[in-house]
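Peer 1: Need the 3D shape of this:
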Amino acid sequence: MKRFLLLAKIVSFFLIVLRIAFADNSAVLNKTLMVRHSVGKEKVRLVVETESKPLYEVYQEHNPERITVDIFNAEAGEKLELKKEVRDHLLAGWEFYAKNFRQLSWSIKLHYAVPSDNIKIFHLKSPSRLVIDIKRDFEVKSSYPLTPYVRWERRETGSPDGYLLINKLKINPASPTVNLDVALAEDNIRAREKTSSIAARKSALAAVNGGFFARGGGPLGLVVIDGEMKTPPVKFRPPRTAVGMTREKNIHIARIKMDDGKLKDADGKKLPEFLWAIGCGPRIIKDGKKYINAKEEALAKGGNDITKPSGRTAVGILGKGEILLLTLTGFKSNHLQGATLDKLAEIMLKEGAVQAMALDGGDSSTMVIEGEVISNGPGNRSIERKVADALLVFDTSAPVSPGSIEIKMEKENMPADGASSNRIKFIVKDRNGKFVADRTPINLSSSWGMIPSQVFTKGGEAEIEIISPRKTGVMNITAAAGSIRQTASIQFIPGKPSFLSGRIIPVKSDAKCSETFLIEALLTDEFMNPLGGQEVKVCLKEGECSFDSLSAITDENGVAKIALQIQSARVTVEILSGDLKPIIVEYIVTPPDR
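Peer 2: As a prediction, the model looks like this:
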């Protein structure tokens, strides 16, 4: 008998037969067999094959961006590709992992978030396939009057080329209440300061970053303030483009150089006296046509090359005399994501610019409105860069932009059952306490889940309905109108303990062929949500073994673990939790056939 037990322990490392009885009568797990994907111009498609129709829940998560598919009563098949990286603008890859031994999670990793309307998931039969389509193209547009003479327009786009966030300020300088100006960082030619800080210090309505700056701080190019030249154009560079305004509010864009102590254009023509001016470059539009002179300004290859895709800031003159300030940034990074100068010029032309130039770009690209930095993409967690100067917008007329958002929910707590509904109302008023105009856009986002990306007001209000996911936790929903943001939370609550399952697995073996085993008990509610913080007990029913403990508490994935050592060829263990019917788990070692 002793020889048999020794042989059994040796064989158990190679061949283990587990027989598990489950309280939910679903001992057979649905195998996830294989996954394949296709990358097209219009969409990305992912297909996962399963043995039978799966029970699943889909939701978006952020930072990092991903779509998660929880597949219940499932396990990975032997040939399933658990992890893969993909070269694509949208799809980064995927990973399968087990939250517990009866729930498989499929994490689809994205380079940027897409509206939930762009995500479609459906099931096909024969063979059983779960299909996810992620549409690339989207456009979310917003437009808000800040004052009667200054308008902010925001546009998020997705395309086969990736993600772009475009922010535009359209300004009517003819109004006597409107003024533009340039300010130095800390009012010093050797300092640097955040654009948002400069705007706050000068009480500006809005601002964008200015021109290039030296490593040690201070402008690297022309700066004129109150008619006084603070810094001249760079001597050791060819004439670069600058923008300036006269006291009569005439705006000029030209390549500027110093000649006999005077500011002249690149051809030597005298320029008007500027009330303010700021130099940078290159020029990107001239007389209504694309005109990128980066090479002539030593801003292409062979100089300070700024032609690669990056964050962009630009200033332009529109056909009706309006001023356009624009930033163009990426989802995560203003340094590595954004657009080329050519793309920037195309966008400025579509906006109606007849003259336009670039200001400093990359990490410097910043737009501030009503004290808020609004140019960072949703995935950008970088610190705002300090710059040497900024272009500021002022308007003394009464503000008309959104001033407050109130969020009202039917329910602040919901069962995580995958079926319950909740209506959420958004009430928006302007800075004078009046309801905003009809069709005012409200941009929505959530910490996770699937909600509409945008709604529009009617009578100052807008409403959405959400369906509870089969996932517990707190979901934060953020509503943004203009520069105002408001967040409310919904708690998704698990149901009562309903299903108990368990298994015994070997976890360690030493040179003497003795093994340590682990009891894993899984507790879920009636909606298949794992239940944490619940006590699970064990007791020996048959065989010989010793437990490290007779109870344990389930973790966030609903699993309680108890170590044991087995001294016989067969062990039967009872697992209990609360008022649920106990379950029996057997471990049997089967010797090999001779």
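Peer 1: Point to the residue nearest the middle of the protein.
Peer 2: To find the centre residue of the chain, average its C-alpha atoms and take the closest one (Cα atoms, centre = their mean): that gives Gly379, at 4.0 Å.
Peer 1: give me every residue that touches it.
Peer 2: Residues in contact with Gly379, defined by Cβ atoms under 8 Å, 6 or more residues apart in numbering, are His62, Asn63, Pro64, Glu65, Tyr112, Ala113, Phe331, Lys332. C-beta here means a position set from N, CA and C on the backbone, and glycine is covered the same way.
Peer 1: cool, and Ala74?
Peer 2: Shown in contact with Ala74 (Cβ under 8 Å, 6+ apart): Leu29, Asn30, Lys31, Thr32, Thr50, Pro54, Arg102, Gln103, Leu104.
Peer 1: Apply 7 Å and report the result again.
Peer 2: For Ala74, the contacting residues are Leu29, Asn30, Thr32, Pro54, Gln103, Leu104, by Cβ atoms under 7 Å, 6 or more residues apart in numbering.
Peer 1: Can you tell me which of those has the largest number of neighbours?
Peer 2: Neighbour count (other Cβ atoms under 10 Å) singles out Leu104 as the most crowded of the contacts of Ala74, with 27 neighbours.
Peer 1: In terms of pLDDT, where does Val507 sit?
Peer 2: The pLDDT attached to Val507 in the predicted structure is 87.
Peer 1: which residues touch it?
Peer 2: Applying Cβ under 7 Å, 6+ apart, we find Val507 in contact with Thr516, Phe517, Leu518.
Peer 1: Would you mind measuring from it to Val536?
Peer 2: Shown here: Val507 relative to Val536, a distance of 18 Å by Cβ to Cβ, to the nearest Å.
Peer 1: Ile347 now?
Peer 2: Separation of Ile347 from Val536 (Cβ to Cβ) stands at 60 Å.
Peer 1: Please apply the same query to Val208.
Peer 2: To Val536, Val208 is 59 Å away according to Cβ to Cβ.
Peer 1: Likewise for Glu186?
Peer 2: 62 Å.
Peer 1: what's the answer for Met229, then?
Peer 2: Counting by Cβ to Cβ, the gap from Met229 to Val536 is 77 Å.
Peer 1: Below-threshold pLDDT in the stretch 51-200 of the chain: ranges please.
Peer 2: Applying pLDDT under 70 to the predicted model, the stretch 51-200 of the chain contains no residue that meets it.
Peer 1: Just to be sure, which of the contacts of Ala74 are found in strands?
Peer 2: Secondary structure assignment by DSSP state E places Asn30, Thr32, Gln103, Leu104 of these in strands.
Peer 1: now those in CSV, with distance to Arg312?
Peer 2: What follows is the ones in strands among the contacts of Ala74, written out as CSV (distance: Cβ to Cβ, whole Å):
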residue, distance to Arg312
Asn30, 49
Thr32, 44
Gln103, 45
Leu104, 43
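Peer 1: in which helix or strand would I find the nearest residue to Lys83 once chain neighbours are set aside?
Peer 2: Beyond its immediate neighbours in the sequence, the residue positioned closest to Lys83 (Cβ to Cβ, 6 or more residues apart in numbering) is Glu95, lying 4.8 Å away. Here Glu95 is covered by strand 91-100, with elements defined by DSSP states H and E.
Peer 1: Run me through the strand neighbours of that strand, direction for each.
Peer 2: According to DSSP bridges, strand 91-100 has the following sheet partners: strand 83-85 (antiparallel), strand 103-110 (antiparallel).
Peer 1: So for Tyr163, which of those strands sits nearest?
Peer 2: Relative to Tyr163, the nearest member of those by Cβ to Cβ is strand 103-110, separated by 9.8 Å.
Peer 1: Arg102: how many residues sit nearby?
Peer 2: Counted with other Cβ under 10 Å, residues neighbouring Arg102 total 26.
Peer 1: Double-check that Gly433 belongs to a strand.
Peer 2: No. Going by DSSP: H, G, I helix; E, B strand; the rest coil, the assignment for Gly433 is coil, not a strand.
Peer 1: Tell me how many other residues surround it.
Peer 2: Gly433 sits with 8 neighbouring residues when counted by other Cβ under 10 Å.
Peer 1: Would you quantify the distance from the residue lying closest to it once chain neighbours are set aside to Lys53?
Peer 2: Distance criterion Cβ to Cβ, 6+ apart; nearest residue to Gly433, sequence neighbours excluded, is Gly403 at 7.3 Å. Here Gly403 is placed at a distance of 50 Å from Lys53 (Cβ to Cβ).
Peer 1: ditto for Ala488
Peer 2: Separation of Ala488 from Lys53 (Cβ to Cβ): 36 Å.
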